[in-house]
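>>> Let's see this in three dimensions:
(chains A and B)
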Amino acid sequence: EPEVTQTPSHQVTQMGQEVILRCVPISNHLYFYWYRQILGQKVEFLVSFYNNEISEKSEIFDDQFSVERPDGSNFTLKIRSTKLEDSAMYFCASSLASGGAGELFFGEGSRLTVL
Amino acid sequence: QKEVEQNSGPLSVPEGAIASLNCTYSDRGSQSFFWYRQYSGKSPELIMFIYSNGDKEDGRFTAQLNKASQYVSLLIRDSQPSDSATYLCAVNGDYKLSFGAGTTVTVRA
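Got it, this is the predicted structure:
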């Protein structure tokens, strides 16, 4: 069964360092998303991406964050200068149709710990 | 203003009982509603979705939608210990799904 894959599964970094989280969405999906979940809290939307453009982003997704689809398969989330409060599980998701019409399939997540 | 609200848990039910989970949403324009299950430390996993008013059944799960009341629910029949998880209600926007905080269900053997 097709699945969304994410790397790394866990990353520990120092505050102020840059981090790149990588995702390979399901191959025929067109819409890509990043969500995060701080421990014990809700799943929060960060950004959606379609046709090489950001479709929507949340207030969380400030100038420290960026997304890219560098090739036909990968979808990345970059945090330029990490803060302690960026510590969370980051989930990549993809869907065949826009979030309004198609269900999202999630990867296993990348746990980011900022020290 | 919260977009998606779920009944606070945790919800503890005996094995074999029915677990009832509720969710309300604020955007009247929402058209698609999803229930995800999330085991501790894992990613959300889709259980089922519903688009039309009424009931939709899938195995032991039944989703109910009432758009006039902006209410969606999930019933888990014959609850099993393996159903112990957090259940997330999600509602569509134009380019995203918005999630509720989740209801944690514990099924007692």
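>>> can we go C-alpha only for contacts and neighbour counts from here?
OK.
>>> Not counting sequence-adjacent ones, nearest residue to A:Thr76?
A:Arg22 (4.6 Å; C-alpha to C-alpha, 6 or more residues apart in numbering or on different chains).
>>> typo on my end, A:Val19
Using C-alpha to C-alpha, 6+ apart, the nearest residue to A:Val19 is A:Ile79, at 5.2 Å.
>>> so the one you found makes contact with A:Met15?
No: using C-alpha atoms under 8 Å, A:Ile79 is not in contact with A:Met15; the gap is 10.9 Å.
>>> neighbour-wise, which of those two wins?
Between A:Ile79 and A:Met15, counted using other C-alpha atoms under 10 Å in any protein chain shown, A:Ile79 has the larger neighbour count: 21 against 16.
>>> Quick check: beta-bridge partners of that one?
A:Val19, A:Phe65 (DSSP bridges).
>>> That one: what's it in contact with?
Contact partners of A:Ile79, counting by C-alpha atoms under 8 Å, 6 or more residues apart in numbering or on different chains, are A:Glu18, A:Val19, A:Ile20, A:Gln64, A:Phe65, A:Ser66.
>>> Check which helix or strand the spatially most central residue of chain A maps to.
Centroid check for chain A by C-alpha atoms, centre = their mean gives A:Trp34 as the closest residue, at 3.0 Å. In this structure, A:Trp34 sits in strand A:31-37 according to DSSP states H and E.
>>> tell me the SS of residue 12?
Picked chain A for this. Using DSSP: H, G, I helix; E, B strand; the rest coil, the structure places A:Val12 in strand.
>>> Oops, wrong one, chain B.
B:Ser12 ends up strand, using three-state DSSP.
>>> So it is in contact with B:Thr103, correct?
No: using C-alpha under 8 Å, B:Ser12 makes no contact with B:Thr103, being 10.5 Å away.
>>> For the closest residue to B:Val105 other than its chain neighbours, give me its contacts.
Nearest non-adjacent residue to B:Val105, counting by C-alpha to C-alpha, 6+ apart: B:Leu11, 4.7 Å away. For B:Leu11, the contact set (C-alpha under 8 Å, 6+ apart) comprises B:Ala19, B:Thr103, B:Thr104, B:Val105, B:Thr106.
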